[in-house]
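Trainee: sequence first, then the predicted structure:
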Amino acid sequence: MKKGWISYNGFELLSGPVPFSMLFKKKGWISYNGFELTRSPTGEWSMELVLTEFGTSLGKRSRRLVIRRKGKAAVEVPASEVTNILVTGKGITVSSDALSLAARHGVVITFLNYRGEPYAKVIPPESFGRAALRRQQLLAVEDGRGVALAKAFLEGKLRNQAANLRYFGKSRKKSAPKTFEQLRAASVEVDRLLEEMLALPGRSLSELRTSLMNREARAARAYWSGIRAVLPAAAHFEKRKRRGAKDPFNACLNYGYGILYSRIWSVLMVVGLDPYAGFLHAYRDNKPTLVFDFIEEFRQMAVDRVMVASFSKGWLPAFDEEGHLDGASRKKLATRVLKRLNQRMRYEGRETKLVDLIKSEAREIAAVLLNAQAHRPYVAAW
């Protein structure tokens, strides 16, 4: 990020304050001195702030959030135009006035560690007010709604894994036939396990969960074997590894998933769902199992494609002396994942963004619990 210290939607905010009357508008974008925002399907402009640099402070002036850093001009942005704030670095301060202003506008502030995992969130208290919905969420674990949701989450994951494998294979049919065949075989295996999973009988999560997770694990082995085939040797990727990963690809995947986790978590809470009451993943104290469930539909398109594309183009992250991704690499990864989340695409005949689909899918889960309608998982085109 060139001489900047916050980013959103994959772009940089370099100067301010920026009067909106001076902004240049064109085809759903507005821009001024490298400051860019996207317009939502409802016609609203929105931005995401990502604070990364040591010494940055977030304060308030009137109805604007003010970002300062020593030696740099202050940047002011209207709180009403901000959707989320991510704090990803050390030595960053957020004033109580800024917290109050963000809360009044429904802005969620998430603090991430060096792995991209959220360790704190500031969320408006209204997000906890849907008691009837949370009651139904807990009851659904014991009836058919829980089984249907668990299967739907897993269906979305496996269909999108298969779609990614076919996507990476279609450009290699002639140029790399051996790799193409590996990808084809892996996608066939994922499809087979999907059909096996959907056919599992039973209305109780307690009796089905082990069988569901078994199919998920076997599909994951097939999927990651296919991904390994398209990565360069410099990625040093042998198998999927979560905590403590030191190889470049797994470390970047984990950080990218952390960014996605923070968005999923915030959306679920804003909708009024309990992030800790999942269906596919069993209850565990202090584990947001519904976040673990819901993220499964979106990992492949929001993060996996971004990481494979980055490594395929020769990009590699840098690590600090402790073996963690350095600040510049974390900044680059956050920018790319956020850009992907806000990228416009066609889905089911309409133009939308992945971040908006996540919100609509979360609202659909609430409707499933309250009105017993079916949840159709997000399945991407390839």
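Mentor: Ah, there it is. Just so it is clear, the model here is predicted, and its values are computed rather than measured.
Trainee: tell me how far stretch 107-122 lies from the chain's centre.
Mentor: Distance of stretch 107-122 from the chain centroid (C-alpha atoms, centre = their mean, to the nearest Å) equals 13 Å.
Trainee: residues in contact with residue 164?
Mentor: For residue 164, the contacting residues are 223, 227, 300-301, 304-305, 382, by C-beta atoms under 8 Å, 6 or more residues apart in numbering. In short, each C-beta sits where N, CA and C put it, glycine included.
Trainee: switch the cut-off to 7 Å
Mentor: Neighbour list for residue 164: 300, 304-305 [criterion: C-beta atoms under 7 Å, 6 or more residues apart in numbering].
Trainee: leaving out chain neighbours, which residue sits closest to the most centrally placed residue in the chain?
Mentor: By C-alpha atoms, centre = their mean, the chain has its centre lying nearest to residue 260, at 2.0 Å. Spatial nearest neighbour of residue 260, chain neighbours left out: residue 302 (5.2 Å); criterion: C-beta to C-beta, 6 or more residues apart in numbering.
Trainee: and that neighbour, what's its pLDDT?
Mentor: Looking at residue 302, its pLDDT reads 96.
Trainee: now the one 3 residues further on
Mentor: Reported pLDDT at residue 305 in the predicted model: 96.
Trainee: what about it, how many neighbours?
Mentor: 18 (other C-beta atoms under 10 Å).
Trainee: skipping adjacent residues, who's closest to it in space?
Mentor: The nearest residue in space to residue 305 (C-beta to C-beta, 6+ apart) is residue 164, at 6.5 Å.
Trainee: give the buried residues for the strand or helix carrying the one you found.
Mentor: Residue 164 is part of helix 144-170 when elements are defined by DSSP states H and E. Under the neighbour-count criterion of 16 or more other C-beta atoms under 10 Å, helix 144-170 has 145-169 buried.
Trainee: let me see the mean pLDDT of that helix.
Mentor: For helix 144-170, the mean per-residue pLDDT is 95.
Trainee: and after it, which helix or strand comes next?
Mentor: Using DSSP H and E, the next helix or strand after helix 144-170 towards the C-terminus is helix 177-198.
Trainee: who are the contact partners of residue 170?
Mentor: By C-beta under 7 Å, 6+ apart, residue 170 has no neighbours at all.
Trainee: then residue 229?
Mentor: Residues near residue 229 by C-beta under 7 Å, 6+ apart: 179, 182-183.
Trainee: so which of those residues is the most crowded?
Mentor: Of those, residue 183 is surrounded by the most neighbours, 25 neighbours in total, counting by other C-beta under 10 Å.
Trainee: next one, pLDDT for it please.
Mentor: 97.
Trainee: could you do residue 378 as well?
Mentor: For residue 378, the pLDDT comes out at 93.
Trainee: the closest residue in space to it that isn't next to it in sequence: how many residues sit nearby?
Mentor: The spatial neighbour of residue 378 that comes closest, neighbours along the chain excluded (C-beta to C-beta, 6+ apart), is residue 297 at 4.7 Å. The burial count assigned to residue 297 is 26, neighbours taken as other C-beta under 10 Å.
Trainee: let me see the domain layout of the chain.
Mentor: As assigned by automatic domain parsing, the chain contains the domains 6-112, 131-371.
Trainee: make TSV from these and add distance to residue 119 to it.
Mentor: Formatted as TSV, the domains of the chain follow (distance: least, C-beta to C-beta, whole Å):
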stretch	distance to residue 119
domain 6-112	6
domain 131-371	10
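Trainee: mean pLDDT for those: which is lowest?
Mentor: Among the domains of the chain, domain 6-112 scores lowest, with a mean of 68.
Trainee: what's the spacing between residue 173 and residue 151?
Mentor: 32 Å (C-beta to C-beta, to the nearest Å).
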